[in-house]
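Asks: how does the following fold in three dimensions:
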Amino acid sequence: TRFSAITRYYEQYAEPWEHMAMIRSRVISGNVSANWDELRTNIAFQPARGEWVIEGLLANRLKAERQSDESNLKTGRGGIRDVEFIVQVLQLIFGASKESIRVAQTVEAIESLREADLLSDQAAAELSRSYIFLRQVEHRLQIVGDAQTHSVPEDPDEFESLTRRMEFANPSDFRSVLETTRLQNRNWFNTILKPKELHPELHQRAQERFGGTSDQVISLFDTFDEGASYLQAVLENESSSERISKIVNDAPAILPHLAAEPTLMDQILTGEIVEDYEAEARFEPLKREMTGDAFAKTIRRGWTRAATRWALTEEFDFGKRLTEIYNAAFRVAFEDAQISFGVVALGSLAAGEPSLHSDADLIFVREDDSDAEQCENQAKRLMQFFRSLRQSGSPLEVDLRLRPAGSVGRLVAGHSALRQYAETAMEPWERFALARSTILHGDSAHLQVVREVAYANPLDREMLESLLHIKSRIEQERVDRRYRNRQIKLGYGGLDDLLWLTQV
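Replies: Residues are numbered from 1 along each chain as shown. Reported below is the predicted structural model:
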């Protein structure tokens, strides 16, 4: 094609999205570099564009997003395209007057926009970091089988494999960072570009009603298909507005979880969210159809509902409710797995005091005359099920590291083996950890053995010194020295001081 024909096409017929595409372009062969650079400057960075052009580009972006799979890292909400779109729209608008921002590479463009005061330091840092992270995930997806894919795998084994390639310790941590990154991208997309998918009048009313948090409110409702209807309902109902405002101001960490739960949003708007419900009833249907995704979703919804109610109701006992939810989930899982050993809960779960991100510390115990290999195989299958729940988004993480010999020991400890371990190798801190315990499944004799092991030997000076040494190490190694007087759990005078005092 003659270059004159290409020039004529771009000057007379090219759509705005084609102008945007020219930003990231360069000549890789031939002697037309100078001509192409001039055309790129004249088309992509022309002096004036009507507001309708930008609105049309935003509408096309949101339309493409609605047609995309939510798992798509590139075109889905908060994905790679969000970052590129922010950068390229700003380049289209300001490129004519600021030559320094006319760069093609995205990360370099972000820095040039920051230097030109078109992006804040925070926005530039977060967008650059998230773009690099999502590109790394994309590359590690595509390196397997050289597949041109952008979708996060739904299969638990494939997701775990991707987790390892991304060098994360476990799938739940990786999923959390991925979701947080995408939500952050979408928040910047809405804050910087202010797409008008919701009616402008609603935006204005939201800004008047919610002030400095209006962008977070609009971003939250933008995640729902019926976002305009939700926002309209909030603005027309004073009590709904108060609940949304309290969540956004006091518990913003809940927002990414609410964005995936339209049912809970309905309950927030109606006020039903603060009513009691029977946790067991939520898991009853799963006894008839035990699927990992449904199970994980039920736990996650219960966790999110409890956290939201905690944010809205000061006197609500979150630890008690989360314990009820986890115990109900365990009962169904144990019944379905038909396990023949006992399960004892330890720590905060045993005390009914778990916090938002507490692990479920358990110990599996069997009678001496039971089939050890059968119990071990049952335990392995059960733990695989719990791992699959985490990979499907469940907040419940089961930890068996307090069993005899820790992570290298058998999953199910016999009564005699537990007693023998206590006599020969158990450290004082292990007895300490077993002290808070309660039975979750099986005969109470299992709990009696655990309690016997925890309290068999009186606390002497040597044991006390050992425990105090562990406490000191926790304070020194797990708390930044700058915050030891302010860290409310592990720091000086914190929750752990009370816990250790009473348990000692």
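Asks: mind listing the helices for the stretch 351-500 of the chain?
Replies: For the stretch 351-500 of the chain, helices defined by DSSP state H, counting those that start in this stretch occupy the ranges 372-391, 415-424, 428-434, 444-455, 461-477, 495-503.
Asks: got the contact list for the longest one?
Replies: Going back to what we said before, that points to helix 372-391. 156, 159-160, 170-172, 175, 292, 295-296, 299, 333-334, 337-341, 364, 366, 396-398, 400, 410-412, 414 (Cβ atoms under 8 Å, 6 or more residues apart in numbering). Just so you know, the C-beta spots here come from the backbone N, C-alpha and C atoms, and that holds for glycine as well.
Asks: and the angle from it to helix 415-424?
Replies: 80 degrees (axes from the mean of the first three to the mean of the last three Cα atoms, to 10 degrees).
Asks: contacts only, for Pro153.
Replies: Leu141, Phe159, Leu162.
Asks: can you report how many residues lie near the last one?
Replies: By the criterion of other Cβ atoms under 10 Å, Leu162 has 20 neighbours.
Asks: show me where pLDDT drops low in the stretch 251-400 of the chain?
Replies: 279-292 (pLDDT under 70).
Asks: er, the chain I mean
Replies: For the chain, the ranges with pLDDT under 70 are 50-52, 195-200, 223, 225, 279-292.
Asks: strands of that one, start to end?
Replies: For the chain, applying DSSP state E gives strands covering 342-346, 360-366, 398-399, 412-414, 437-441.
Asks: go through stretch 206-222 and flag the buried ones.
Replies: 206, 209-210, 213-222 (16 or more other Cβ atoms under 10 Å).
Asks: convert the C-alpha atoms of it to PDB, please.
Replies: C-alpha atoms of stretch 206-222 as PDB (Å, rounded to 0.1, in the frame of the first residue of the first chain):
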ATOM      1  CA  ALA A 206     -23.400  10.600  44.800                       C
ATOM      2  CA  GLN A 207     -20.700  13.200  45.100                       C
ATOM      3  CA  GLU A 208     -23.000  15.500  47.100                       C
ATOM      4  CA  ARG A 209     -24.100  12.600  49.400                       C
ATOM      5  CA  PHE A 210     -20.800  10.800  50.000                       C
ATOM      6  CA  GLY A 211     -18.300  13.600  49.500                       C
ATOM      7  CA  GLY A 212     -14.700  12.400  49.400                       C
ATOM      8  CA  THR A 213     -15.700   8.700  49.300                       C
ATOM      9  CA  SER A 214     -18.100   9.100  46.300                       C
ATOM     10  CA  ASP A 215     -15.500   7.600  43.900                       C
ATOM     11  CA  GLN A 216     -15.400   4.400  46.000                       C
ATOM     12  CA  VAL A 217     -19.200   4.200  46.200                       C
ATOM     13  CA  ILE A 218     -19.500   4.700  42.400                       C
ATOM     14  CA  SER A 219     -16.800   2.100  41.700                       C
ATOM     15  CA  LEU A 220     -18.500  -0.400  44.000                       C
ATOM     16  CA  PHE A 221     -21.800  -0.100  42.100                       C
ATOM     17  CA  ASP A 222     -20.100   0.000  38.800                       C
END
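Asks: so who does the spatially most central residue of the chain touch?
Replies: Nearest to the mean C-alpha position of the chain, by Cα atoms, centre = their mean, lies Ser176 at 2.8 Å. For Ser176, the contact set (Cβ under 8 Å, 6+ apart) is empty.
Asks: now swap in Ala445 and tell me
Replies: Gly342, Glu367, His415.
Asks: export those residues to a markdown table and tack on neighbour count and distance to Gly95?
Replies: Converted to a markdown table, the contacts of Ala445 look like this (neighbours: other Cβ atoms under 10 Å; distance: Cβ to Cβ, whole Å):
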| residue | neighbour count | distance to Gly95 |
| --- | --- | --- |
| Gly342 | 27 | 68 |
| Glu367 | 18 | 75 |
| His415 | 21 | 74 |
